[in-house]
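Novice: Build the 3D model from these lines:
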Amino acid sequence: MRVISDTNEQLGVLELQEALRQAQESGLDLVEVAPGADPPVCRIMDFGQYKYQQSKRLHDAKRNQKVVLLKEIKMRPKTEEHDFQFKLKHALEFIEEGHKVKVTVMFRGRELSHQDMGHKLLERFIAQAEPVSTVEATPRMEGRMLTAVLSPKKK
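Specialist: Just a heads-up that it's a prediction; the model follows:
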């Protein structure tokens, strides 16, 4: 097997026993890093420290990432003005926090024959949310629901 020392220098192709002996002399571990290579590649390293550094890197990456949630606002075609404004206010708060908002207009029974009312309501919602959001998914019917997805504007 090809062996690489802890100082990243090639030690050449060695037998397993010789590689293990050199690792023990330096007080480190012999770790196989490329088992598919011909010959397999092993490295002399402190495996515990390597695992620790890997977990720290993963932790730092998690801390720097931003989680975007999808919040949902549900309305009916006959939603009154006050309720509409209340839902719009909450949607704008969600968008300003960096979340996406799925706006759904639900139709029940005979309301399905008046889809134009739902489209007007959703278009009005999108128009009023336009200063802080962009339309990610345009309004479309999914069964008895009319949905659109709004996301925060890029700064």
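Novice: all strands for this structure, in order.
Specialist: 2-4, 10-13, 29-34, 41-45, 70-75, 100-106, 133-142, 145-152 (DSSP state E).
Novice: how close does E130 sit to S5?
Specialist: The gap separating E130 from S5 is 61 Å, by C-beta to C-beta, to the nearest Å. (C-beta placed from N, C-alpha, C; glycine too.)
Novice: Please apply the same query to V149.
Specialist: Separation of V149 from S5 (C-beta to C-beta): 54 Å.
Novice: and the two? which has more neighbours close in?
Specialist: V149 (18 against 15; other C-beta atoms under 10 Å).
Novice: Excluding chain neighbours, give the residue nearest to E96 in space.
Specialist: Using C-beta to C-beta, 6 or more residues apart in numbering and skipping the chain neighbours, the partner closest in space to E96 is V132 (6.3 Å).
Novice: re earlier: need the strands of the chain in CSV with mean pLDDT, can you?
Specialist: Shown next, in CSV, are the strands of the chain (pLDDT from 0 to 100):
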stretch, mean pLDDT
strand 2-4, 90
strand 10-13, 88
strand 29-34, 89
strand 41-45, 91
strand 70-75, 94
strand 100-106, 95
strand 133-142, 92
strand 145-152, 95
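Novice: out of the ones you listed, which comes closest to R21?
Specialist: Smallest distance to R21 across those (C-beta to C-beta): 9.6 Å, for strand 29-34.
Novice: Can you tell me the strand partners of the closest one and which way each runs?
Specialist: strand 41-45 (antiparallel) (DSSP bridges).
Novice: What are the contacting residues of the strand it pairs with?
Specialist: For strand 41-45, the external contacting residues (C-beta atoms under 8 Å, 6 or more residues apart in numbering) are 1-6, 11, 19, 22-23, 26, 28-34.
Novice: Mind checking which of those residues are buried?
Specialist: 1-4, 19, 22-23, 28-30 (16 or more other C-beta atoms under 10 Å).
Novice: Please render those residues as JSON lines that adds distance to E93 to the earlier fields.
Specialist: Converted to JSON lines, the buried ones among the contacts of strand 41-45 look like this (distance: C-beta to C-beta, whole Å):
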{"residue": "M1", "distance to E93": "60"}
{"residue": "R2", "distance to E93": "59"}
{"residue": "V3", "distance to E93": "59"}
{"residue": "I4", "distance to E93": "54"}
{"residue": "A19", "distance to E93": "61"}
{"residue": "Q22", "distance to E93": "62"}
{"residue": "A23", "distance to E93": "58"}
{"residue": "L28", "distance to E93": "54"}
{"residue": "D29", "distance to E93": "52"}
{"residue": "L30", "distance to E93": "56"}
